[in-house]
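**Student:** with the sequence up front, the predicted model follows.
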Amino acid sequence: MSEIERKPILYSAVQPSGVLTIGNYIGALRNFKLLSDDYDCLFCMADLHALTVRQVPAELRRHTAEVAALYIACGLDPEKNIIYAQSHVHQHAELAWILNCFTYDGELRRMTQFKDKSARHADNINAGLLTYPVLMAADILLYQTAVVPVGADQKQHLELSRDIAERFNSLYGDVFVVPEPYISKSAGARVMSLTDPTAKMSKSGEPDSFISMVDDADAIRRKIRRAVTDSDGEIRVDAENKPGVTNLITITAAMSGRTPDEVCASLQGQGYGALKDAATQAIIDTLSPIQSEYKRLVADKAFIAETLKNGAERASALANRTLRKVYKKVGLYQL
Ligand code: TYM
């Protein structure tokens, strides 16, 4: 691709720490596809990040391939977009080390995700959990990224990435592009748990709390039927007083391409049973075509391996340019 044709860079990543949920889809993957025509895109499986919590090795490997297949099944063409695993591009870990020396301990300890994860994994508060956002900054800054589509939970990490980039640039000149987050304005930027709608839906939650991207129609129907609502009976958006109902409205809207108001209007005068039916249908309609494509792709192990190899080569060439520049700027001896 010539310089003239080059578009700004879009970068995002997902931890392959489990099967992805409709929270990941609504908050992130859906936007990857929507934005991908306007940018040169890299989509990463952040397998090094996943190691901050204990993983079963065989499962981590499997999930890495599955996330790659899901990206493609969601419409991301691996020829046009760079799809790769973080651990295949050694420059991530190398830049992370440098950036660690430009990040303060106090900044890292303030991160809500660090506080949450430390509370949930009190027996394993490892240093990686603390420096996690520095590796994330390295991911983003290596590619001179302009925009990073993420869910609302990653906003604080993005702000830290920007601070690190600005700090480095103010010392060494314009080395990094300062990235902008892209967080959808709708409530879909934070999809909540079905069993506890005051908490974020998470792939590490208990099975009934999330709908996975590969759940079949029966599982989707059952989980939505059990989703927590309230006793007031009215279908309206009120995140504070009606978090469960609001979450179902948000999911239905996101999965059917409507606004929450349109969903409420279409269900006027009906009960929560009708809302749950609408949510179930919208999820099944959106996921079915993705799932059939996913099943085909994930079974084709040679294709996935080739995609990851090709993605790693392309990502590595780009990453190297930035890393060389950084090494030179900070004064590392050049051979
Ligand atoms: P991860 O793997 O937790 O989630 C992947 C993406 O899904 C979004 N997301 C949600 N959005 C709405 N509602 C939810 N319930 C929900 N749960 C997750 C996340 O915001 C994210 O966009 N640190 C990142 C991975 C990462 C990364 C990066 C992202 C590593 N390096 C560089 C962007 C750029 C994470 O843990 O995502």
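**Tutor:** Received the coordinates, thanks.
**Student:** for the ligand, what's its nearest residue on the protein.
**Tutor:** residue 27 (1.9 Å; CB to the nearest ligand atom). Quick note: C-beta positions are derived from backbone N, CA and C, even for glycine.
**Student:** count of residues packed around that residue?
**Tutor:** 26 (other CB atoms under 10 Å).
**Student:** how about residue 142?
**Tutor:** 27.
**Student:** that one touches residue 324, doesn't it?
**Tutor:** No. Under the criterion of CB atoms under 8 Å, residue 142 makes no contact with residue 324, lying 11.2 Å away.
**Student:** for the residue of the chain closest to the ligand, give me its contacts.
**Tutor:** Contacts for residue 27 (CB atoms under 8 Å, 6 or more residues apart in numbering) come out as 150, 151, 152, 153, 184, 188, 189, 190, 191.
**Student:** what subset of those residues is also close to the ligand?
**Tutor:** Contacts with the ligand within these, as defined by CB under 6 Å from any ligand atom: 150, 151, 153, 189, 190, 191.
**Student:** so which of those residues belong to strands?
**Tutor:** With DSSP state E as the criterion, strands contain none of those.
**Student:** can you list the residues you listed in a markdown table and add pLDDT and neighbour count?
**Tutor:** Below are those laid out as a markdown table (pLDDT from 0 to 100; neighbours: other CB atoms under 10 Å):
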| residue | pLDDT | neighbour count |
| --- | --- | --- |
| 150 | 97 | 21 |
| 151 | 96 | 20 |
| 153 | 95 | 17 |
| 189 | 89 | 22 |
| 190 | 94 | 20 |
| 191 | 97 | 26 |
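**Student:** which of these fall in helices?
**Tutor:** Judged by DSSP state H, the ones next to the ligand among the contacts of residue 27 include no members of helices.
**Student:** so what touches the strand or helix carrying residue 164?
**Tutor:** Using DSSP states H and E, residue 164 sits in helix 155-172. Applying CB under 8 Å, 6+ apart, the external contacts of helix 155-172 come out as 99, 102-103, 107, 111-113, 132-134, 136-137, 140-141, 148, 150, 175-179, 181, 183, 326, 329-330.
**Student:** need the buried ones from the residues you listed selected in ChimeraX.
**Tutor:** Applying 16 or more other CB atoms under 10 Å to those leaves a buried subset, and the ChimeraX line that selects it is:
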select :99,102,103,111,132,133,134,136,137,140,141,148,150,175,176,177,178,179,181,183,326
